[in-house]
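A.B. asks: Could you look at this predicted model? Sequence included:
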Amino acid sequence: MFSGKAEEAMNFYISLFGQSEVNSIMHHEDGTVMHAVFTLRGQSFMCIDSIVEHAFTFTPAISLFVSFKTEEEINRVFERLSEGGQILMPLAPSPVSEKFGWVADQYGVSWQLNLAKG
């Protein structure tokens, strides 16, 4: 649930990942998103723009976890998601990963990015 930025965020995410597309979108009269379905790497997501002001937003209590096959791809996506956002853990080796990083993007959505060992 976004506050007026759902379509912008959705299009940003689609630009980062292959096999991604907007499946459907319905707008309110003011142009904000009433309901949208989009796919990232074959996984479907839904988003809306809330028409009600809330005292809450996204938190790192829940994250989207994405595994990558190449160092080039994880570096690119981490850099793009970090722009205007907050790095919660920089990309670095971990006991179970070649590289792992955690970032909250410019919209507040939390992402854990992983390049598995081997």
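C.D. replies: Happy to help now that I have it.

A.B. asks: the strands in the protein, which residues?
C.D. replies: With strands called from DSSP state E, the chain shows them at 21-27, 33-40, 43-47, 64-68, 86-94, 97-104, 110-116.

A.B. asks: Partner strands of the fourth one and their direction?
C.D. replies: Each strand that pairs with strand 64-68, with its direction, by DSSP bridges: strand 110-116 (parallel).

A.B. asks: Please save the CA atoms from the partner strand in CSV.
C.D. replies: In CSV, the C-alpha atoms belonging to strand 110-116 read as follows (Å, rounded to 0.1, in the frame of the first residue of the first chain):
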residue,chain,number,x,y,z
SER,A,110,12.6,-3.5,2.2
TRP,A,111,14.7,-5.9,-0.1
GLN,A,112,17.1,-8.6,0.9
LEU,A,113,19.4,-9.5,-2.0
ASN,A,114,21.4,-12.7,-2.1
LEU,A,115,24.0,-14.2,-4.4
ALA,A,116,24.2,-17.8,-3.2
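
A.B. asks: what angle do that strand and strand 97-104 make?
C.D. replies: 170 degrees (axes from the mean of the first three to the mean of the last three CA atoms, to 10 degrees).

A.B. asks: domains of the protein?
C.D. replies: Under the assignment automatic domain parsing, the domains of the chain span 6-47, 64-116.

A.B. asks: Give me whichever of the ones you listed is most buried.
C.D. replies: domain 64-116 (a mean of 16; mean count of other CB atoms under 10 Å). From N, CA and C alone the C-beta is placed, and that goes for glycine too.
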